[in-house]
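**Student:** I need the structure of the sequence given here:
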Amino acid sequence: MLLEIIFYTFASILICASLGVILFKNPVYSAVSLILAFITTGMLWLLLEAEFLAIVLVLVYVGAVMVLFLFVIMMLNIHQEEERSGFTKIAPIAIFLGLVIAAELIALYWIQSDQFSGLESISNSSLSVDNTLLLGTELFTKYILSFEIAGFILLLAIIVSISLTLRTRKNVKKQIASDQIAADPKQRVRMVDIKRGEN
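**Tutor:** Now for the predicted structure:
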């Protein structure tokens, strides 16, 4: 019963964080809400005893994708007046979200303690094999074609994103490597004999 209460509490936090992503007008607030949604989803995966999926979700999405999102938001310079406000404007919501994440971690640690050793888990799984091994076996045997297609799509997305950044701009000085290599070292420095003037 207590595990179900914790599960529904995490699910409610996840729904509120997801609504915050689409309802906040400030893109920084939306990005922070998305971080909370990812971390709470990872907590739900931990409750379901899917540790590998939880760690991958936090490392990939929170550690890489969200950093990229925040970097793009900072590069866009959406509102200059919001940039001048500094850290104090976002500090209360950041402290609140940090306390929520800390409470979730304490709840998970509390569940893993000896108090709940006799309780059944939500997933009701009595597997003797590690779920990471089962996931890898299924991924690289049964779903190998889908895995390769997903890798090709990601590679295509990287190529397209790089090609979009290669725009031609006017009045930009560029290096010409062939001219630099073909330059004669003797012509780079010219010795000039300067005669002194008479007093």
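**Student:** Which of the helices and strands in this protein ranks last by mean pLDDT?
**Tutor:** Sorting the helices and strands of the chain by mean pLDDT, DSSP states H and E puts helix 80-85 at the bottom, at a mean of 49.
**Student:** Tell me the helix or strand right after that helix.
**Tutor:** Moving toward the C-terminus from helix 80-85, the next helix or strand (DSSP states H and E) is helix 91-111.
**Student:** Pull the residues that contact that following helix.
**Tutor:** Under the criterion C-beta atoms under 8 Å, 6 or more residues apart in numbering, residues 3, 6, 9-10, 13, 29, 32-33, 35-36, 39-40, 43, 46-47, 116 lie in contact with helix 91-111. No exception for glycine: its C-beta is placed from N, CA and C like everyone else's.
**Student:** between those, which is nearest I162?
**Tutor:** Of all these, I35 has the smallest distance to I162: 26.3 Å, by C-beta to C-beta.
**Student:** List the contacts of the closest residue to the closest one other than its chain neighbours.
**Tutor:** The shortest distance from I35 to any non-neighbouring residue, by C-beta to C-beta, 6 or more residues apart in numbering, is to M66 (5.3 Å). Residues in contact with M66 (C-beta under 8 Å, 6+ apart) are 31, 34-35, 38.
**Student:** elements contacting the helix or strand where E4 lies?
**Tutor:** Under DSSP H and E, the secondary-structure element containing E4 is helix 2-23. When contacts are defined as 3 or more C-beta pairs under 8 Å, 6 or more residues apart in numbering; DSSP states H and E, helix 2-23 sits against helix 27-47, helix 91-111.
**Student:** Rounded mean pLDDT for the first one, please.
**Tutor:** Put plainly, it is helix 27-47. Mean pLDDT, computed over helix 27-47, is 85.
**Student:** Show me the shaky parts of this structure.
**Tutor:** 75-90, 112-129, 167-169, 197-199 (pLDDT under 70).
**Student:** and E104, how many neighbours?
**Tutor:** When neighbours are defined as other C-beta atoms under 10 Å, E104 has 21 of them.
**Student:** cool, M43 as well?
**Tutor:** Neighbours of M43 (other C-beta under 10 Å): 25.
**Student:** Verify the stated contact: it with A54.
**Tutor:** Yes - counting by C-beta atoms under 8 Å, A54 is a contact partner of M43 at 7.3 Å.
**Student:** Great, nothing more from me.
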